[in-house]
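K.L.:
Just need the structure, nothing else, for what follows:
(one chain, ligands or ions: 3)
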Amino acid sequence: MELVTNRELMQKAFREGYAVGAFNINNMEFLQAVAGAAGEEKSPAIIAVSEGAIKYAGFDVLVGMVRTIASMTSAPMSLHLDHGKDPAVIRQCIEGGFTSVMIDASDKAFAENVRVTKSVVQAAGARGVSVEAELGRLAGIEDAVSVAERDALLTDPAQAADFVRQTGVDSLAVSIGTSHGAYKFKGESVLAIDRVREIRDMIGIPLVLHGASGVSQATVSKAAQYGAVLGKPAGVPDDSIREAIRFGVAKVNIDTDMRLAFMASVRETLVTKASEFDPRKILGPARDAIRDVVKGKMRLFGSSGRAA
Ligand code: G3H
Ligand code: 13P
Ligand code: ZN
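P.N.:
Ligands and ions are numbered 1, 2, ... in the order given. Predicted coordinates for the structure are as follows:
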């Protein structure tokens, strides 16, 4: 299929009460894994590309690869810039074949976030590209010692309403206590899931949950068995993801879980097949492991079977 926008994928998900997974890719194997899962699960999927991924693989290589694989896949997919910060890269994506961009000015003061986001909405709108912005600081909230400190990190519902009214964004990434990477919580997960509902009620557009990886302990153990040194990683429980989707999250971002599955598989192959040096026999099983992770997420998010 031709690439579609996040707006199209997320509006349907928001209406029907499920979420579309946004899966980060940096190379062919991760992309094939996501597209393969989308085809097998008959699920929509968002191909997320960061500024780091563009630097690593090259803009034209990524766009060409994603377009080609999307055209061979029967499920709808979008090509989305994840955490766009550099205006030149955002412009390149809008003009160069991405169907969706995220402008992440969440580290700026409110007024500056509004100003920068508004200008991206204008540029993207002219090309039919959809826009996601972020409000709130993506950080664990368990270290906050006071309510005021905790609230300073989380997205404020009234401010979110003001932000959406002023900018006209299609979707908003919110902070409810998740963070990027494999070390989200020191013990039990601490999340402010109720905020999602409060924000949705105030703004009425689809919400996005970043830092949503579950960090499978089975995968962590397998990686450790084959030599990985990971300390005590911890992710977001599946039940929290289900609740967030029920309250209005229509896009869930996953990167870490795919990275962990990839790393555990490569380690296993290198240890158990110590004489193997054909890259296809090392990366092939890793690609299968990533595809299985993505299929599991599509089921968890309720997007399986929603391709039509
Ligand atoms: O949120 C960021 C994504 O996990 C992408 O990470 O900037 O290392 O490509 P990256
Ligand atoms: P994880 O690190 O939890 O996979 O989050 C990825 C993400 O939010 C990408 O934007
Ligand atoms: Zn993110």
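
K.L.:
where do the helices sit along the chain?
P.N.:
Ranges of helices in the chain, per DSSP state H, are 6-16, 28-41, 51-57, 59-71, 87-95, 110-125, 147-153, 157-167, 194-203, 217-225, 238-247, 256-272, 279-301.

K.L.:
angle of the last one against helix 6-16?
P.N.:
Just to be clear, that refers to helix 279-301. 40 degrees (axes from the mean of the first three to the mean of the last three Cα atoms, to 10 degrees).

K.L.:
Is ligand 2 within reach of helix 279-301?
P.N.:
No. Counting by Cβ under 6 Å from any ligand atom, ligand 2 is not contacted by helix 279-301; separation bottoms out at 10.1 Å. Backbone N, C-alpha and C define where each C-beta goes, glycine included.

K.L.:
Tell me how many other residues surround the nearest residue to Leu191 once chain neighbours are set aside.
P.N.:
Distances taken as Cβ to Cβ, 6 or more residues apart in numbering place Gly177 nearest to Leu191, at 4.3 Å, with adjacent residues excluded. For Gly177, the neighbour count with other Cβ atoms under 10 Å is 25.

K.L.:
and stretch 8-25, which residues are buried?
P.N.:
In terms of neighbour count (16 or more other Cβ atoms under 10 Å), stretch 8-25 has its buried residues at 8-14, 18-25.

K.L.:
any idea which of those is the one closest to ligand 2?
P.N.:
Distances from ligand 2 to the buried residues of stretch 8-25, taken as Cβ to the nearest ligand atom, are shortest for Asn24 (5.6 Å).

K.L.:
Is it correct that that closest one is in contact with Phe30?
P.N.:
Yes. If you go by Cβ atoms under 8 Å, Asn24 and Phe30 touch, sitting 7.4 Å apart.

K.L.:
joint contacts of those two?
P.N.:
Met258 (Cβ atoms under 8 Å, 6 or more residues apart in numbering).

K.L.:
circling back: run through the residues that contact the residue nearest to Leu191.
P.N.:
So Gly177 contacts Gly140, Ile141, Glu142, Leu153, Leu154, Ser189, Val190, Leu191, Ala192 (Cβ under 8 Å, 6+ apart).

K.L.:
out of those residues, who's nearest ligand 3?
P.N.:
Distances from ligand 3 to those, taken as Cβ to the ion, are shortest for Gly140 (14.1 Å).

K.L.:
ok, Gly140 to ligand 2 distance?
P.N.:
12 Å (Cβ to the nearest ligand atom, to the nearest Å).

K.L.:
neighbours of Arg91, just the number please.
P.N.:
15.

K.L.:
Not counting its neighbours along the chain, what's nearest it?
P.N.:
In space, Arg91 is closest to Ala123, 6.7 Å off (Cβ to Cβ, 6+ apart).

K.L.:
quick one: the one you found and Arg7, what's the gap?
P.N.:
15 Å (Cβ to Cβ, to the nearest Å).

K.L.:
returning to what we had before: could you dump the helices of the chain into JSON lines and include mean pLDDT and distance to Ala308?
P.N.:
Formatted as JSON lines, the helices of the chain follow (pLDDT from 0 to 100; distance: least, Cβ to Cβ, whole Å):
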{"stretch": "helix 6-16", "mean pLDDT": "98", "distance to Ala308": "10"}
{"stretch": "helix 28-41", "mean pLDDT": "98", "distance to Ala308": "13"}
{"stretch": "helix 51-57", "mean pLDDT": "98", "distance to Ala308": "30"}
{"stretch": "helix 59-71", "mean pLDDT": "98", "distance to Ala308": "16"}
{"stretch": "helix 87-95", "mean pLDDT": "98", "distance to Ala308": "28"}
{"stretch": "helix 110-125", "mean pLDDT": "98", "distance to Ala308": "27"}
{"stretch": "helix 147-153", "mean pLDDT": "83", "distance to Ala308": "39"}
{"stretch": "helix 157-167", "mean pLDDT": "98", "distance to Ala308": "29"}
{"stretch": "helix 194-203", "mean pLDDT": "96", "distance to Ala308": "25"}
{"stretch": "helix 217-225", "mean pLDDT": "98", "distance to Ala308": "32"}
{"stretch": "helix 238-247", "mean pLDDT": "98", "distance to Ala308": "20"}
{"stretch": "helix 256-272", "mean pLDDT": "98", "distance to Ala308": "26"}
{"stretch": "helix 279-301", "mean pLDDT": "98", "distance to Ala308": "14"}
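
K.L.:
Please work out which of those helices is packed deepest.
P.N.:
Compared across the helices of the chain, helix 28-41 shows the largest average neighbour count, a mean of 22 (mean count of other Cβ atoms under 10 Å).
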